[in-house]
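> could you work out the structure for the sequence below:
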Amino acid sequence: MKKMFVYRHCPITLLLLAVFCGNVYALQGSTAENGSNAQAVHELGCTGQGINVGLISARNVRDTHEAFKDKDPNDPNNVHVFNSDYSGSDVNYMGGSFPGHDTWVAGIIASRGWTGHPNDIGVSPDCNLYSARVVNDYNSISTGYVEDALEALINTYNCRVLVTAIALPSPAFGDANGSSSWSLMYDYFAYTNNVIFALASGNGPSTPSIFGDAYNGITTAALIDEPNNFYLRVGNLSNFGPTIDGRKKPEISCPGSSQTTPSIGSNTASYTTVKDGATSFSVPQTGGVAALLLGYADSTTEPNDGHNEVIKAVIVNSTFPNIRDKSGNFTDPANRVWDPNRGYGRIDAYRAYLTLSAGKVAAGTPINSTSGWAYNTLSDSQTHTYFINAQRRERLVLTVTWNRAVTRTRKQPSWPWEYKDEEPNKFNIDITIKDPCDMVVYSEANNVNNLEKIDLILPNDGNYTVVLKNTTSKSRNYGLAFEILPPLTGDFDIDYVVNRNDLNQIAIDWLSAEPDTDIVPDGIVNWLDFTEFADNWLKVDARYYNP
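I've put the predicted structure just below:
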């Protein structure tokens, strides 16, 4: 399908995210437990069926490839990929400087497997994918191309997840601080249409690129399979944060290397993505996981679990933080919740699913569940309070996010749209957490980010009070996700590994502990403490441990 239109903005030459070479390990490895963990959600029957995913791309997808069909591959009606052009050129998956790139990206999202690769199943294999070309034959792009593509993908094709497999460099396209017309446009569509933008951090030794600087999307760093088939390290190509205006981007990291995907050589051809981790091969994992969660949300009677704020909150809250940076150094997840390399951690589709399926919680009512989510509206200077019951030494992991408000106007019907950020002060939520004794254990008054994640060791048993305060005279919806994580038994030093530090802790308190300082709360350090220590010697909590 070709879309005809009048050029509205002058096209600018584009830089793409792809880097080309190959290695080992299949797509099946990147979607397994040590990757995005999407296979665990597939086993529950959630495969993205009925969800339409848009792909903003430089070219299109080889829609005749076996990987994008099911049942009879020769049936012309058996198609799950649809191509269109918004660049004034034509539908094309072969031409340009990067032939095949968008077919590979599409395969990571929507592959159903193909000849010789029955297990190379994409993150959201039963979704429908709409590829929108926005780069013309001269490798140029304009805001008009992208705008037309977004309008069609959202309003005509009902795409609720939008994956962007291109990034725009500064200063040619503006500053990557959320103020360019590109990022304002993205935030406008997210805010007004309740869609989820999966965005790439970009490739190179710099801060996140446009579109990865947008407020309302989920910006993704790339992980490499090191050690083999374990995605535990940020790739050399992945841009690190924060943004040039100091915001915590990327939010998450995903597998971005060594994935066997469909290619354009034939209807059964294969390609293996770059070893060093290009972010255009990690961002489709984010989009695929969002589609899985939306597919689950559509199966419930709950009206609010599919909002983009909720999906973003549960994805970020459930990330696995024990990831190495580009240099191979541990990123200290016990003490640093967000890291410039990994963001908040590696995506975990199954853990996000568990949080979403745990159900909605309400402000002002005691919460006895160990995980859940909320969707609510904070009006002018309003406060919401959540009461979460937890035990001493457990961890409270909690994420709150909201959309930046962007408006658009144009002076004449034929003129381009002009996008405008909200006037100061921007909507902001301050977060305070109090323990059962009404003592403040966390307080945050950040006015830069529109997402905050908290990870706390809890000092007492009882109800913890989470206070969200709207600091402006504006009104905004927000999503919240939380999880209570149990401590590792025998880890008395709370460092996520049971070792000699815990023995030292026992030795210090041996026979002299007060009722509030013993290891096991019975008034004294006793043989039970030694038994727990011995039974768990050298065990680790894989969610957090770093030596």
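
> what's the offset of the longest helix seen in the chain from the middle of its chain?
In the chain, taking DSSP state H as the definition, the longest helix is helix 283-298. Remark: helix 283-298 is offset 10 Å from the chain centroid, using C-alpha atoms, centre = their mean, to the nearest Å.

> please apply the same query to stretch 109-119.
Counting by C-alpha atoms, centre = their mean, stretch 109-119 comes out at 24 Å from the chain centroid.

> and what of stretch 96-116?
21 Å.

> stretch 441-454 now?
With C-alpha atoms, centre = their mean, you get 18 Å for stretch 441-454.

> what's the neighbour count on Met439?
10 (other C-beta atoms under 10 Å). Just so you know, the C-beta spots here come from the backbone N, C-alpha and C atoms, and that holds for glycine as well.

> I meant Gly359, not that one.
Neighbourhood size, Gly359 [other C-beta under 10 Å]: 13.

> who's in contact with it?
Contact analysis of Gly359 by C-beta atoms under 8 Å, 6 or more residues apart in numbering lists 302, 369, 372-373.

> same thing with Gln28?
Gln28 touches 39, 119-121, counting by C-beta under 8 Å, 6+ apart.

> check which helix or strand covers it.
When elements are assigned from DSSP states H and E, Gln28 belongs to helix 27-30.

> for Met185, give its distance to Phe211.
9 Å (C-beta to C-beta, to the nearest Å).

> and these two? Which one has more around it.
Phe211 (26 against 20).

> distance of the more buried one from Pro118?
Distance, Phe211 to Pro118, by C-beta to C-beta: 34 Å.

> rewinding a little: wait, which of the contacts of Gln28 is closest to Arg393?
Nearest to Arg393 among these is Gln39, at 32.4 Å by C-beta to C-beta.

> next secondary structure after the helix or strand containing Ala374?
Assigned by DSSP H and E, Ala374 falls within strand 371-378. Counting by DSSP H and E, the next helix or strand C-terminal to strand 371-378 is strand 383-390.

> which secondary structure elements does that following strand contact?
strand 366-367, strand 371-378, strand 462-470, strand 476-485 (3 or more C-beta pairs under 8 Å, 6 or more residues apart in numbering; DSSP states H and E).

> quickly run through the sheet partners of the shortest one, with directions.
Counting by DSSP bridges, the strands paired with strand 366-367 are strand 383-390 (parallel).

> in the partner strand, what's buried?
By neighbour count on 16 or more other C-beta atoms under 10 Å, the buried set for strand 383-390 is 384, 386-388, 390.

> flag the shaky bits of this protein, pLDDT-wise.
1-25, 71-74, 76, 511-524, 545-547 (pLDDT under 70).

> filter the contacts of Gly359 to the buried ones?
Counted by 16+ other C-beta under 10 Å, those give 372-373 as buried.

> how about JSON lines for the contacts of Gly359, with distance to Glu422 added?
Formatted as JSON lines, the contacts of Gly359 follow (distance: C-beta to C-beta, whole Å):
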{"residue": "Glu302", "distance to Glu422": "29"}
{"residue": "Ser369", "distance to Glu422": "34"}
{"residue": "Gly372", "distance to Glu422": "29"}
{"residue": "Trp373", "distance to Glu422": "25"}
